[in-house]
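S.K.: Just the structure for this:
(2 chains)
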Protein chains: 2
Amino acid sequence: VKEVRTVDESTHRRADARRNSAAILAAATECLARDPDMTLKDIAAAAGVGRVTLYGHYESRAVLVEAVVDRAIEQTDLELREVDLSGDPLVAMGRLMAVSFDLTHRFGGLVLAAQRALPPGRFQALHEAPAARVRQLLTRGRRGGSFRTDAPLAWQVMTIQALMHGAVEAVYRGDLTAVQARGLVPTTVLATLERRGPHE
Amino acid sequence: VKEVRTVDESTHRRADARRNSAAILAAATECLARDPDMTLKDIAAAAGVGRVTLYGHYESRAVLVEAVVDRAIEQTDLELREVDLSGDPLVAMGRLMAVSFDLTHRFGGLVLAAQRALPPGRFQALHEAPAARVRQLLTRGRRGGSFRTDAPLAWQVMTIQALMHGAVEAVYRGDLTAVQARGLVPTTVLATLERRGPHE
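M.R.: Coordinates of the predicted model:
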């Protein structure tokens, strides 16, 4: 009987740990989206756990932010799979940019928190899945003659990431509305990609 | 005689403090340009001062990075004043972008260090002088019909900043060469600004 109780207790503890970890991630996502400088103390309070419990799961701010960003990108990537990337590459890219903006914009200040807390290169590495999707569409559009080829593919991927994150930050700062940015991101990205007779 | 010596000593101390402060800023600029994660300990060593002296001048990493960035932008801004912004706004913008890239690129990893260490909004605030110059040229080009006006001025300023910093980071990461980026920044910025009949 004693052994069974021990198993029960350890099962309970594991379930508690999972619940706490999930609550911390959810609270951290919401807190950092609102304010990228939210303290770990405030995040622990929002998650309904003590600071010691939070540090037990995530040993530093950088580790917590990375876990939050990883989960946010994974979730975004699952939703981006639903975007139709077939047909005219310019139209498909416009569609992908509008949906990507909506999905990234939800996380608001998290983009700023990530740039600040993650070691160099980590931000890029975490974006590998969405970057791969953009790269695939760019490759198709470049081959088919829809997109400019006088800039390297890596440059076009960088341009898209920089504009997307710049747009989310600008909306977070209040420089323009999300509705404006949702229209401007696709227009601006397409302007950088479209071939134009006299300029190429 | 005693009083005179005291004045001398305090003058010496002030001169020492100025020399140390200048040495720390110069070393920090060079260190962070090479590696945005360089520790304060390494920066103190490169400046030839102790850690206590460094903390005496700059109480935290954020304060030091802000002083370095402030100085780098001030220096850049002085040099940008030499760029001829008259004539065709498209040509003038291309010129301003190429020179801005050269001047920003010198500071390499410092762009990454700044994004990471500065409080939100501070990075933008420090860029007010170069942003004002860009805004002035954009305003002239928009009024004269050279630049698109279907995007707000604030969006065009953001686009330019995002592309400039994205380019410096991409070169820092080794995704492309500085020579490539120096050509691509103006081309890409102009593509986002130029008016085009069927698309407007």
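
S.K.: what about chain A, any weak spots by pLDDT?
M.R.: A:1-6, A:120, A:197-200 (pLDDT under 70).

S.K.: list the contacts for the residue nearest to the spatial centre of chain A?
M.R.: In chain A, the residue lying closest to the centroid (C-alpha atoms, centre = their mean) is A:I73, at 4.0 Å. By C-beta atoms under 8 Å, 6 or more residues apart in numbering or on different chains, the residues touching A:I73 are A:L126, A:H127, A:A129, A:P130. Quick note: C-beta positions are derived from backbone N, CA and C, even for glycine.

S.K.: what about 10 Å?
M.R.: By C-beta atoms under 10 Å, 6 or more residues apart in numbering or on different chains, A:I73 lies in contact with A:L80, A:L103, A:T104, A:F107, A:A114, A:F123, A:L126, A:H127, A:E128, A:A129, A:P130.

S.K.: And the fifth one, which helix or strand is it part of?
M.R.: Counting by DSSP states H and E, the secondary-structure element that holds A:A114 is helix A:110-117.

S.K.: ok, how many other residues are close to the spatially closest residue to A:R116 that is not a sequence neighbour?
M.R.: For A:R116, ignoring the flanking residues on the chain, the nearest one in space by C-beta to C-beta, 6 or more residues apart in numbering or on different chains is B:R116 at 5.0 Å. Neighbours of B:R116 under the rule other C-beta atoms under 10 Å in any protein chain shown: 19.

S.K.: On the three-state scheme, A:V83 is what?
M.R.: Put simply, A:V83 is coil when judged by DSSP: H, G, I helix; E, B strand; the rest coil.

S.K.: Backbone dihedrals for it, please?
M.R.: phi -70, psi 130 (degrees, to the nearest 10).

S.K.: Could you count how many residues lie near it?
M.R.: Neighbour tally, A:V83, other C-beta under 10 Å: 16.

S.K.: nearest residue to A:A117 other than its sequence neighbours?
M.R.: A:V65 (3.9 Å).

S.K.: quick one, what contacts the residue nearest to A:R116?
M.R.: Per C-beta under 10 Å, 6+ apart, neighbours of B:R116: A:Q115, A:R116, A:A117, A:L118, A:P119, A:P120, B:P36, B:D37, B:R61, B:A62, B:V65, B:F123.

S.K.: switch to 8 Å and redo it
M.R.: A:Q115, A:R116, A:A117, B:P36.

S.K.: now A:Y55
M.R.: Counted by C-beta under 8 Å, 6+ apart, A:Y55 has contacts A:L40.

S.K.: Quickly find the element holding it.
M.R.: helix A:51-57.

S.K.: Now do the helix or strand hosting A:R140: everything it contacts.
M.R.: Assigned by DSSP H and E, A:R140 falls within helix A:128-143. The contact list for helix A:128-143, computed with C-beta under 8 Å, 6+ apart, reads A:73-74, A:76-77, A:80, A:85, A:89-90, A:92-93, A:96, A:100, A:124, A:147-149, A:153, A:156-157, A:160-161, A:193.

S.K.: on that earlier part again, so which bits of the next helix-or-strand element following the helix holding A:A114 are buried?
M.R.: Using DSSP H and E, the helix or strand that follows helix A:110-117 in sequence is helix A:122-126. Within helix A:122-126, the residues scored as buried using 16 or more other C-beta atoms under 10 Å in any protein chain shown are A:R122, A:F123, A:Q124, A:L126.

S.K.: Convert the C-alpha atoms of helix A:122-126 to PDB, please.
M.R.: Presented in PDB, the C-alpha positions along helix A:122-126 are these (Å, rounded to 0.1, in the frame of the first residue of the first chain):
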ATOM      1  CA  ARG A 122      19.000  32.200 -31.600                       C
ATOM      2  CA  PHE A 123      16.200  34.400 -32.900                       C
ATOM      3  CA  GLN A 124      17.000  33.400 -36.400                       C
ATOM      4  CA  ALA A 125      17.400  29.700 -35.500                       C
ATOM      5  CA  LEU A 126      13.900  29.600 -33.900                       C
END
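
S.K.: Would you quantify the distance from the residue nearest to the centre of chain A to chain B?
M.R.: Taking C-beta to the nearest C-beta, to the nearest Å as the measure, A:I73 falls 18 Å from chain B.

S.K.: Report the angle between the host helix or strand of that residue and helix A:128-143.
M.R.: Taking DSSP H and E as the criterion, the element that holds A:I73 is helix A:61-80. Using axes from the mean of the first three to the mean of the last three C-alpha atoms, to 10 degrees, the direction of helix A:61-80 lies 50 degrees away from that of helix A:128-143.

S.K.: just the residues of chain A that are near chain B, which are they?
M.R.: By C-beta under 8 Å from any C-beta of the partner chain, the residues of chain A that approach chain B are A:36-37, A:109, A:112, A:115-117, A:119-121, A:124, A:150-152, A:154-155, A:158-159, A:161-163, A:165-167, A:169-170, A:173, A:175-176, A:180-181, A:184, A:187-188, A:191-192, A:194, A:196, A:199.

S.K.: helices and strands around the longest helix along chain A, which ones?
M.R.: Ordering each helix of chain A by length in residues (DSSP state H) puts helix A:2-34 first. Helix A:2-34 sits against helix A:40-47, helix A:51-57, helix A:61-80, helix A:110-117, with contacts defined as 3 or more C-beta pairs under 8 Å, 6 or more residues apart in numbering or on different chains; DSSP states H and E.

S.K.: most tightly surrounded among these?
M.R.: helix A:110-117 (a mean of 23; mean count of other C-beta atoms under 10 Å in any protein chain shown).

S.K.: Output it in PDB with nothing but the alpha carbons.
M.R.: The C-alpha coordinates for helix A:110-117 follow below in PDB (Å, rounded to 0.1, in the frame of the first residue of the first chain):
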ATOM      1  CA  LEU A 110       7.200  39.400 -27.300                       C
ATOM      2  CA  VAL A 111       9.100  40.200 -30.500                       C
ATOM      3  CA  LEU A 112      10.900  42.900 -28.500                       C
ATOM      4  CA  ALA A 113      11.400  40.600 -25.500                       C
ATOM      5  CA  ALA A 114      12.900  37.900 -27.800                       C
ATOM      6  CA  GLN A 115      15.300  40.300 -29.500                       C
ATOM      7  CA  ARG A 116      16.500  41.500 -26.100                       C
ATOM      8  CA  ALA A 117      16.800  38.200 -24.200                       C
END
